[in-house]
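Colleague: turn this into a model:
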Amino acid sequence: MVYLQVLSGDTQAAERLALEVHRDLRLEDVDMENLPQLNLPLEQCGIWIDPIDSTSEYISGEEAKLSANDIYKSGLGCVTVLIGVFDRVSGQPILGVVNQPFYTQHGSRWEGMCQWGVKFGDLSKCSASLLRNMEDDRAKVAVLSGSEDPNLKCRLRSAGYVVAEASGAGYKQLCVARGNADLYLLTKGSTFMWDTCGPHAILRSLGGGIVSYKRVLENGENLEEAELKYGANHTAEEQCSASHCNLEGIIAFRDRSLVHELVKILRPS
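Modeller: Okay, the predicted model is just below:
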């Protein structure tokens, strides 16, 4: 039994995992009326899936710990499942799904929250819960990894940002999509296409996006040229290589004007 091997002989956990993996889904539990009807060119679509993002938090199984502005710093609340569909010709993300399986806890049971977004042609649609407006009277929030440079955090705080630290690339992007954070900054090449494709599609459906941190700081204004692409113009050899890494870092956002403001804050004088 493969689950028993993966879980090092833990029979009870293996049985529960096998039961969950093979469980029949009930479509009556899905809000089918709100889902858009798409006619995607499937022959030119690709898909990236990250079955467990923030794996270390999932393995440790600790309760979620708050950072700031209802953002979890660590724990099971930072675990996400990421699914993204992209156009292999243009490289643009089309459809994204982010599931947060440990959204709320009721006794010993967990209830998840699934968010989705579509940006395809003239169609922009997402989960209704994502459409709430940002609160104009609160301080701007930037969410970062705890390992980011202290000098970066200091410059953001000096510009009036609340800096929230959190685990999980998928979770931090979800915080931006939900409006708990205004920006997610990552200066390092530690994310991959499977980390960003799904959340990127959701952010695009909201009028935002994800851009290269390095290119934005170097070039400033043109966010379209700095936006991440997925599989566009790659050869077969490149598709099988480490080129799937977002080497230049990322900035995830809903409001484009904040990215332009960020360039002025962080660019060397």
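
Colleague: in the stretch 101-250 of the chain, which spans are helices?
Modeller: For the stretch 101-250 of the chain, applying DSSP state H, counting those that start in this stretch gives helices covering 150-158, 169-178, 193-205, 213-219, 223-226, 236-239.

Colleague: now mean pLDDT too, for those, in CSV please.
Modeller: Output for the helices of the stretch 101-250 of the chain, formatted as CSV (pLDDT from 0 to 100):
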stretch, mean pLDDT
helix 150-158, 96
helix 169-178, 97
helix 193-205, 97
helix 213-219, 92
helix 223-226, 90
helix 236-239, 45
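
Colleague: nearest to residue 69, out of those?
Modeller: For the helices of the stretch 101-250 of the chain, proximity to residue 69 was assessed by C-beta to C-beta; helix 169-178 is nearest, at 8.4 Å. Using the backbone N, CA and C atoms, a C-beta is placed for each residue, glycine as well.

Colleague: could you say what helices and strands the closest one packs with?
Modeller: Packing partners of helix 169-178 (3 or more C-beta pairs under 8 Å, 6 or more residues apart in numbering; DSSP states H and E): strand 45-53, strand 80-87, strand 93-106, strand 109-120, strand 141-144, strand 183-186, helix 193-205, strand 250-253.

Colleague: shaky segments in this protein?
Modeller: The model of the chain has pLDDT under 70 over residues 1-9, 13, 17, 20-21, 25-33, 133-136, 221, 232-242, 269.

Colleague: circling back: make TSV from the helices and strands packed on helix 169-178 and add distance to residue 74 and mean neighbour count to it.
Modeller: TSV is the format used below for those (distance: least, C-beta to C-beta, whole Å; neighbours: other C-beta atoms under 10 Å):
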stretch	distance to residue 74	mean neighbour count
strand 45-53	14	17
strand 80-87	14	24
strand 93-106	12	20
strand 109-120	16	18
strand 141-144	13	25
strand 183-186	16	25
helix 193-205	17	27
strand 250-253	19	27
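
Colleague: can you put those in a markdown table and add distance to residue 267?
Modeller: Listed next are the helices and strands packed on helix 169-178 as a markdown table, based on distance: least, C-beta to C-beta, whole Å:
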| stretch | distance to residue 267 |
| --- | --- |
| strand 45-53 | 31 |
| strand 80-87 | 30 |
| strand 93-106 | 27 |
| strand 109-120 | 29 |
| strand 141-144 | 16 |
| strand 183-186 | 14 |
| helix 193-205 | 23 |
| strand 250-253 | 13 |
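
Colleague: can you check which of those gets nearest to residue 218?
Modeller: Using C-beta to C-beta, the nearest of those to residue 218 is strand 250-253, at 12.7 Å.

Colleague: the closest one pairs with which strands, and in what direction?
Modeller: Looking at strand 250-253 with DSSP bridges, its partner strands are strand 183-186 (antiparallel), strand 209-212 (antiparallel).

Colleague: CSV for those strands, including distance to residue 23?
Modeller: CSV is the format used below for those (distance: least, C-beta to C-beta, whole Å):
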stretch, distance to residue 23
strand 183-186, 33
strand 209-212, 33
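
Colleague: for residue 192, find the nearest of the ones you listed.
Modeller: Short answer: strand 183-186, nearest of these by C-beta to C-beta, at 11.8 Å.

Colleague: can I get that closest one in CSV? Just the C-alpha atoms.
Modeller: Coordinates of each C-alpha in strand 183-186 appear next as CSV, following Å, rounded to 0.1, in the frame of the first residue of the first chain:
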residue,chain,number,x,y,z
LEU,A,183,1.4,43.6,-1.8
TYR,A,184,3.5,40.5,-1.6
LEU,A,185,7.2,41.0,-2.1
LEU,A,186,9.8,38.3,-2.7
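
Colleague: list of residues touching that strand?
Modeller: 140-145, 148, 152, 156, 161, 169, 172-173, 175-176, 213, 246, 249-253, 258-259, 262 (C-beta atoms under 8 Å, 6 or more residues apart in numbering).
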